[in-house]
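In: After the sequence you'll find the predicted model.
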Amino acid sequence: MSDVFGLSGAPTAVSYVWGPQGFDAFNPGGIASHHVAAGSIGVLGGIFHLTCRPSYALYTVLRIGNIETVLASSTAAVSWAALVASGTMWYGSASNPTECFGPTRYMWDLGLYLEATETVVQRECAGNLPERCKTAWNKVPDRLAFYDYLGHNPAKGGLFRTGPMVLGDGIVLGWLGHPTFNLADGTPVYPRRMPTFFETFPTLFLDSTGVVRADQPFRRAEAKYSLESVGLSVSIKGGALNGVKLDAPGTVAGLARTAQFGELLDFDRTSNLVDGVLRTSVRGWYTFAHLCFGLLFLFGHWWHASRTLYRDLLSGLESDASTLVEFGAFSKVGQVDT
């Protein structure tokens, strides 16, 4: 079990939840009670089918007397399970905590980790005490800063690039700090984060009202809001570079591009064959793989269902002849035919 930001996860005992709250996807007690209920119903259903047989009408309509029907029904069950697993993994649930599979894409889209980081800082700065504000960013948990990075978004750069994140970025060594940008007149501006499914995006800086105040232009001839023109500077708060202030245009431009990806992290890019290509996370790979499995078994269900429902047409046997031959071929234990 863990909290919404995946900071306090640890194995713990779970109590059963039998009420409507058990249908909450983020309630672990609902998972335990659901499995007990599903297992009990499965046992009772097995006993029922061992002692009873379907009616002749149902037997005929569903073509129960051949193995093709078993294939059709079993592939439908596997398809449904794979699609449910894919959906719960992508949108998040209690069965796939952040500590094991990483954040969902919506954590990045909504900026929840950035919001949580700012909440920690504002809480530490309560009362406007200068001494506390100076060390406020040092109170931010390293894991919170670690998750506030584009590399943990399962939808970055598309879902087809699978593989460990360490091959794209390297091994994370630590948190360098949170970059805060200011114009020459002291106005704070904020970098536009990289949107989901994008690999490149213009470097933009917005003020508190959402107006673009600085950018990295492609054509310097019309660079009205270029970083050099507006005198952009950056200060690092928290992390290993806490208190560092930079105003060199080249350095600021590099940090501005990096700030699109979230918090500044220090990577070991030499231990692995790092290529800089963004890859999907474990959550993204799991979702995509199970979606493919679900669709594959869904097509298999349609194939085998059509073969069993239209087997009379495919085999050339009339329905009356085939049903009379197969119905009753395998008797139940203790059944007495009349």
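Out: Thanks, I have it.
In: what about the helices in the stretch 201-338 of the chain?
Out: With helices called from DSSP state H, counting those that start in this stretch, the stretch 201-338 of the chain shows them at 249-259, 282-309, 311-315, 319-326.
In: Packing partners of the longest one?
Out: In this case it means helix 282-309. Counting contacts by 3 or more CB pairs under 8 Å, 6 or more residues apart in numbering; DSSP states H and E, helix 282-309 is packed against helix 67-91, helix 98-101. From N, CA and C alone the C-beta is placed, and that goes for glycine too.
In: tell me the angle of that helix relative to helix 67-91?
Out: Counting by axes from the mean of the first three to the mean of the last three CA atoms, to 10 degrees, helix 282-309 points 160 degrees away from the direction of helix 67-91.
In: Rounded mean pLDDT for helix 282-309, please.
Out: Rounded to a whole number, the mean pLDDT of helix 282-309 is 92.
In: Which positions in it come out as buried?
Out: Buried residues in helix 282-309, defined by neighbour count with 16 or more other CB atoms under 10 Å: 282-291, 293-294, 297-298, 300-301, 304-305, 307-309.
In: The helices of the stretch 201-338 of the chain into JSON lines, with extra columns for distance to Leu44?
Out: Below are these laid out as JSON lines (distance: least, CB to CB, whole Å):
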{"stretch": "helix 249-259", "distance to Leu44": "58"}
{"stretch": "helix 282-309", "distance to Leu44": "25"}
{"stretch": "helix 311-315", "distance to Leu44": "31"}
{"stretch": "helix 319-326", "distance to Leu44": "27"}
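In: Out of those, the one nearest Val78 is which?
Out: Judged by CB to CB, the one of those that comes nearest to Val78 is helix 282-309, at 4.7 Å.
In: Flag the shaky bits of the stretch 101-250 of the chain, pLDDT-wise.
Out: Applying pLDDT under 70 to the stretch 101-250 of the chain flags residues 127-128, 130, 157-163, 165, 219-222.
In: Do a quick rundown of the helices in the stretch 51-200 of the chain.
Out: Under DSSP H, counting those that start in this stretch, the stretch 51-200 of the chain gives helices at 56-61, 67-91, 98-101, 105-109, 112-124, 130-134, 142-147.
In: For Val43, which of those helices is the nearest?
Out: Using CB to CB, the nearest of the helices of the stretch 51-200 of the chain to Val43 is helix 67-91, at 16.7 Å.
In: got the buried residues for the longest strand anywhere in the chain?
Out: The residue-count maximum for a strand in the chain (DSSP state E) belongs to strand 171-182. Neighbour counts using 16+ other CB under 10 Å place Val172, Trp175, Leu176, Gly177, His178, Pro179, Thr180, Phe181, Asn182 of strand 171-182 among the buried residues.
In: what about stretch 154-171, how long is it end to end?
Out: 17 Å (CA to CA, to the nearest Å).
In: what does stretch 146-164 give?
Out: 16 Å.
In: ditto for stretch 59-72
Out: Stretch 59-72 has its terminal residues 15 Å apart, counting by CA to CA.
In: next one: stretch 243-255
Out: 15 Å.
In: And for it, what's in contact with it?
Out: 177, 179, 181, 216, 227-228, 231-237, 264 (CB atoms under 8 Å, 6 or more residues apart in numbering).
In: What of stretch 33-44?
Out: Outside stretch 33-44, the residues that touch it by CB under 8 Å, 6+ apart are Tyr16, Val17, Trp18, Gly22.
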